[in-house]
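Chemist: I would like the atomic coordinates for the input below:
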Amino acid sequence: MESEGVSLPLIHEHVMMPLNNLRKGDCCGRCGFTSGGYYCKSCDFFVHRKCVDESPEYIEHSSHAVHPLKLQTKPHKDNICDLCQERIVNLCYRCEICDFDVDLFCAQYQPPWVIAMSEPDGFTRCRDKELLKLDCVANCGRIICYEYYCKKWGLAFHVDCLRNRSSVTKDPSEVNHTYHPLHPLKLYEGKPPEYSDRKCRLCAKKIYFDKLFYHCSFCNFSLDTGCVLKPPPQSVLNLKAHAHQLIFRPRLDSFTCNACGLSGYRCPYICVQCDFMIHQDCLDLPCVININRHEHRVSRTSVLGVVNSVCGVCHQKVDWTWGGYSCQRCPRYVVHSKCATRKDVWNGIELEGVPEEVDDINPYVVIDDNTIQHFSHKEHYLRFHVNGVLCKENKRCRACTHPICLQPFYGCIDCDDFILHQNCAESPTRKRHVLHNERLTLVTGVANFSVCYACQKLCNGFMYQCADKKFDVLCGSISEPFFHPSHLHHPLYYIPSEEGKQCNGCDNNSSSLVLTCIESGCGFVLGFDCATLPQVIKHRVDDHPLSLCYGEKTNGKYWCDICEKEMNLDTWFYTCKDQQASMHTKCVLGDFTGLMPRSTIDYYDISYEVVLNNSVSRPFCRVCESHCMYPINLKMLGTTYHICSLQCAYLAGSRRLKAN
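Modeler: Residues are numbered from 1 along each chain as shown. Have a look, this model is predicted:
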């Protein structure tokens, strides 16, 4: 019986269950088929019933009449459809003899070789794609070769841009359009009329001076060629957007979109019986998604219903009477529709019908009240110590690589050198981050070193990473709202538009990634590098721990006890107030504070050992020929040469490259 599962050996190796869903199919890459389909839960694989019914094992295709094409269920990742030139990621038909591929959509809707739009001239599919250098007049934005060409008018189209061409008359210089039946629209090229708003009436896209467009001067009605060829449908039944059929209203009317709560000024889809209006681009808002500002999924809802709430992305007030996204687990967490679907917030994947993963993100197993087994050190147990040791340089956290300094920590019962700060030990194994759309994974074994995407520091401790994005454990643990001891009265947030602003901690705007206070009139900005500075640190210049000071107002002059240069006390610095000492943060930490002593790294093809600068006499830097004043430096393997800073390491590498 179908309810018990369906076997589709040509499509998928597992038994599949019937599923009524409008999600995108792994068959044709399209969504919205109302006939439902079949779903494999173990593979998260969904195909439309319509595609299955119309996909035999072999087909004859007009574009490749010499051989039959065979259905391929697992195309190669580099396969390209020879008709539409799009990459094939789903089912396709293939001729192994000729290396010819067509995706499922092009296979089922075969385009004719000639489209008779004018007599005797027609639009003919071009075999020699090198001849076609024109832009597609549908303004679809795809930069690939074009399939149809009209020599008379010098126009080119993609295959699928001509599939809906009902509005075009026999002569492309003039059209009778469904949404403007009073007068024909004439083809124009060049500058739109001064009296017009220079936008397409239906899609509101700007009409550029060098593009073709259609216009009625009697009604001041303009359409770009894309909306002439593929106009919005007059009615849609989109159950994701609304329960009833929606009618297109091609008018310049002001309205508030029920889906996103934002104002619109032209051409909504409406439901008269519900007094419902929606933007065209809000019709296809996803139902269930993950966003990088929240650990749980958020779901689309027609009425948010949370009074006095703020958006979890832009942190502005949300009108609870309109639609948006909300979290089923966190009752007060809501997000504007437009904010939730921003490219820097959402990864573009619709999760409706996809089972939610239940991950165990706990980094350790509790053995007893004072003992844990951490996933990074499973061979031994770690014991909890309430008070940190008094800032010993050789006692460093394996995760953040900073010294254990008056902070609670976990230490290995058997290994003297494996230690984790309590906060670092509690870092989850997987989490979301405001600077990346995919979930990050905590990695403990970093080969060589990595550069943190947020603070740009070198690190070989624990890293949060996904693909090419890598964050040290301190930057990776930052989430919103973020409270820093220097600004406890307001939370900080990551606002992309604030990138490059001057950091209040270091008075430097070289770092583009900053956290911002959104309270009116505050203007506090903090770079990720300053946000993760240790609050208490130890340095050989003083016997006492040094505390991070957030600037002071003073008329006197102060000099750094390490480099002996004058200090700007408006910026942050380290101080030991009992001894009245003050030091630059850079002088206290150096460039290699994220590297674990006794580890080895390769930098510009030179191998180094990371060493502590704790000998009685400070070594000389091989490049700048000054005493190494920072707490950690690099020592070239097999030599006695030391490098004190990143700049010197770069110069050492450059000189070695030149010598080679």
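Chemist: would you map the helices across the protein?
Modeler: 49-53, 104-108, 225-229, 337-340, 422-425, 473-476, 528-531, 585-589, 646-659 (DSSP state H).
Chemist: which strands and helices lie in contact with the fifth one?
Modeler: Using 3 or more C-beta pairs under 8 Å, 6 or more residues apart in numbering; DSSP states H and E, the elements in contact with helix 422-425 are strand 409-412. The C-beta positions use only the backbone N, C-alpha and C, and glycine is treated the same way.
Chemist: average pLDDT for the strand it packs on?
Modeler: Computed over strand 409-412, the mean pLDDT rounds to 92.
Chemist: check what pLDDT the residue nearest to the spatial centre of the chain gets.
Modeler: Per C-alpha atoms, centre = their mean, the C-alpha nearest to the average position across the chain is that of Asn437, at 3.5 Å. Among the per-residue scores, Asn437 shows a pLDDT of 91.
Chemist: model confidence over stretch 201-209, on average?
Modeler: Stretch 201-209 comes out at a mean pLDDT of 83.
Chemist: revised request: answer the last question for stretch 56-75.
Modeler: On average, stretch 56-75 scores 83.
Chemist: buried stuff in it?
Modeler: Ile59, His61, Ser63, His64, Leu69, Leu71, Gln72, Thr73, Pro75 (16 or more other C-beta atoms under 10 Å).
Chemist: output that stretch as CSV - backbone C-alpha positions only.
Modeler: Listed next in CSV are the C-alpha coordinates belonging to stretch 56-75 (Å, rounded to 0.1, in the frame of the first residue of the first chain):
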residue,chain,number,x,y,z
PRO,A,56,10.8,7.1,-17.6
GLU,A,57,14.2,5.5,-17.7
TYR,A,58,14.9,6.5,-21.3
ILE,A,59,13.6,9.4,-23.4
GLU,A,60,14.0,10.7,-26.9
HIS,A,61,14.9,14.4,-26.9
SER,A,62,14.7,16.8,-29.9
SER,A,63,18.0,18.5,-28.9
HIS,A,64,19.8,15.2,-29.1
ALA,A,65,18.1,13.0,-31.6
VAL,A,66,21.1,10.8,-32.4
HIS,A,67,20.9,8.8,-29.1
PRO,A,68,18.3,8.1,-26.4
LEU,A,69,19.0,9.8,-23.0
LYS,A,70,19.0,7.8,-19.7
LEU,A,71,17.8,9.0,-16.4
GLN,A,72,20.6,9.7,-13.9
THR,A,73,19.8,9.8,-10.2
LYS,A,74,23.3,10.9,-9.0
PRO,A,75,24.8,13.4,-11.5
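Chemist: Cys644 contacts Glu625, correct?
Modeler: No. Assessed by C-beta atoms under 8 Å, Cys644 is found out of contact with Glu625, at 10.0 Å.
Chemist: the more surrounded of those two?
Modeler: Cys644 (26 against 8; other C-beta atoms under 10 Å).
Chemist: quick one: contacts for that one?
Modeler: If you count contacts by C-beta atoms under 8 Å, 6 or more residues apart in numbering, Cys644 has them with Gly590, Cys621, Val623, Cys624, Ser626, Cys628, Met629, Tyr630, Asn633.
Chemist: next step: these restricted to strands.
Modeler: Asn633 (DSSP state E).
Chemist: by neighbours, which of the contacts of Cys644 wins?
Modeler: Top of those by neighbour count (other C-beta under 10 Å): Asn633, with 26 neighbours.
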